[in-house]
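Peer 1: Give me the fold of what follows.
(chains A, B, C and D)
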Amino acid sequence: MRVRVLFFALYRDLAGTSELELELPAGATVETAVELLRSQVKGLARLPREVVVAVNREYAARDTPLAEGDEVALLPPVGGG
Amino acid sequence: MRVRVLFFALYRDLAGTSELELELPAGATVETAVELLRSQVKGLARLPREVVVAVNREYAARDTPLAEGDEVALLPPVGGG
Amino acid sequence: MTVRTWITTEPLDPAQVLACVGAPEDGAVLLFLGIVREENEGRRVVSIRYDAYVAMAERVLAEVAREAAGRLGTERIAVVHRIGELGVGEASVAIAVSSPHRAEAFDACRYIIEEIKRRLPIWKEERYVDGEARWLAGSVPPVPASGGGAS
Amino acid sequence: MTVRTWITTEPLDPAQVLACVGAPEDGAVLLFLGIVREENEGRRVVSIRYDAYVAMAERVLAEVAREAAGRLGTERIAVVHRIGELGVGEASVAIAVSSPHRAEAFDACRYIIEEIKRRLPIWKEERYVDGEARWLAGSVPPVPASGGGAS
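Peer 2: Have a look, this model is predicted:
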């Protein structure tokens, strides 16, 4: 399956892009996606362990299962105001 | 000595005036003035015990000594906002 | 810039009060408005007449604002209290504060309105749709325990 | 009247946000403004660039405001967050609430700004007079402990 991955702020700087498509094995979770990105995308090897992930615009746990077409966002620690 | 007495809100309604001059004996305190007013001014016999008094625009204790020309105000419980 | 407090019979202008505060080092601005409500204790209100011991209210309001400045850490405070007859929806009090951080702004703004309700020599006569009017119960302000003998 | 929240790149207008709240039954109106400060952690700031995951920030901001409405007891809440490049003294966030009594207004307004700082997917890149820029450290938002197995 394929998901759409978004990068913001510092993680966009690390990834060198704001967005990419990622091919994942069946049964993949958020954790699978993060580890794949870490190994496949130059710059993301430095992604910290505490990376926050949102799936379809909701904060998501590491074991959240992913589905075809999901929007997966990698977020540095946040804060408006 | 003479002091100027001011009445506000409900106490002005009770006194039937917003202001009067009061002649006091030497050594008079706030308490002296309140008791004199209570006995001399029709309507002020109903003045409650908890009457708040300000002398020269400062909240004052009952034993505060008064002086010639003081501005003594009888205030119902207050509250702006 | 310094603490500004005043009493007025004119309608309040929130923008004017806000314009009294703010500085390059401030990250938080807070504006509070107290408004005449259409209902109080189950009765339909037409207006409230605010009576004041003006000279003393000006003094106490300035004192409250100075105390709040101590909590706020800045002098950027503006407080205005309106008196006279106010209709439903009209503002009786406007408080603006600004400070580098928000915690102090919330604390100081809240302090000012609480002390206004506790200590300001102002009285409210509420007027109802049925034509009746009554003085609202106030609170007994803090009074010194003793005048301390002869002055 | 209902809760209103939005994200914009335009300068904020406090009067517009204030105008979104207020009702005849309300006695308290509170307006909070968050402002770009000229100094942070001892460094002289020129501007802050606010980056956002806009679609999600809109969703989270609406969620925060709905939670605040539960505390406030009214739906009279307006919150706007600005993004893009903001100079010193410009407002990044404006929050207005109104309610019958002041305690709930202070509580709800404070809740909204705290949750905005804790949960809103927005990031700040601070730019300094020396030409340097850096992403400010944010906070880790509350994330569900488990995705709960297959969906």
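Peer 1: would you list every one of the helices in chain C?
Peer 2: Remark: helices assigned in chain C by DSSP state H are C:14-18, C:54-72, C:102-119.
Peer 1: Distance of the residue of chain C found nearest chain B relative to residue B:25?
Peer 2: Using CB to the nearest CB, the point where chain C gets nearest to chain B is residue C:147, with a distance of 2.9 Å. (Each C-beta comes from the backbone N, C-alpha and C, glycine too.) Counting by CB to CB, to the nearest Å, the separation of residue C:147 from residue B:25 is 17 Å.
Peer 1: Residue C:2 touches residue C:66, doesn't it?
Peer 2: No - with contacts defined as CB atoms under 8 Å, residue C:2 does not count as touching residue C:66, sitting 10.0 Å away.
Peer 1: Note down every partner strand of the one helix or strand in chain C whose mean pLDDT sits lowest and its orientation.
Peer 2: Counting by mean pLDDT, DSSP states H and E, the weakest-scoring helix or strand in chain C turns out to be strand C:39-40, with a mean of 93. Paired strands of strand C:39-40, with direction, are strand C:43-52 (antiparallel) (DSSP bridges).
Peer 1: between the partner strand and helix C:54-72, what angle do the directions make?
Peer 2: Using axes from the mean of the first three to the mean of the last three CA atoms, to 10 degrees, the direction of strand C:43-52 lies 100 degrees away from that of helix C:54-72.
Peer 1: wait, does stretch A:28-39 make contact with chain D?
Peer 2: Yes - counting by CB under 8 Å from any CB of the partner chain, chain D has neighbours in stretch A:28-39: A:29, A:30.
Peer 1: contacts for that stretch?
Peer 2: A:1, A:3, A:5, A:15, A:22, A:24-25, A:44-45, A:47, A:51, A:53, A:55, A:60-66, A:72, A:74, D:147 (CB atoms under 8 Å, 6 or more residues apart in numbering or on different chains).
Peer 1: Please identify the residues of chain C in proximity to chain B?
Peer 2: If contacts are counted using CB under 8 Å from any CB, the residues of chain C sitting beside chain B are C:34, C:50-53, C:55-57, C:59, C:81, C:92-93, C:113, C:116-125, C:135-151.
Peer 1: And the residues you listed, which of them are buried?
Peer 2: Among the residues of chain C next to chain B, those classed as buried by 16 or more other CB atoms under 10 Å in any protein chain shown are C:34, C:50-53, C:56-57, C:59, C:81, C:92-93, C:113, C:116-125, C:135, C:138, C:141, C:143, C:147.
Peer 1: where are the low-confidence patches of the chain?
Peer 2: All of this refers to chain A. Counting by pLDDT under 70, chain A contains no low-confidence residues.
Peer 1: that's the wrong chain, I wanted chain C
Peer 2: In chain C (pLDDT under 70), the answer is C:148-151.
Peer 1: near chain A, which residues of it?
Peer 2: For chain C, no residue is in contact with chain A (CB under 8 Å from any CB).
Peer 1: thinking again about what came up before, and the buried ones among the contacts of stretch A:28-39, selectable in PyMOL?
Peer 2: Here is the PyMOL command that selects the buried residues among the contacts of stretch A:28-39 (16+ other CB under 10 Å):
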select buried, (chain A and resi 3+5+15+22+24+44+47+51+53+55+60+61+62+64+65+66+72+74) or (chain D and resi 147)
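Peer 1: Excluding residues flanking it in the chain, which one is nearest residue 54?
Peer 2: All of this is about chain A. Setting aside the residues directly before and after it, residue A:54 is nearest to residue A:73 in space (CB to CB, 6 or more residues apart in numbering or on different chains), at 4.4 Å.
Peer 1: my question was about chain C
Peer 2: Distance criterion CB to CB, 6+ apart; nearest residue to residue C:54, sequence neighbours excluded, is residue C:7 at 5.7 Å.
Peer 1: Okay, helices next: where are they in chain A?
Peer 2: Taking DSSP H as the criterion, chain A carries its helices at A:9-15, A:30-40.
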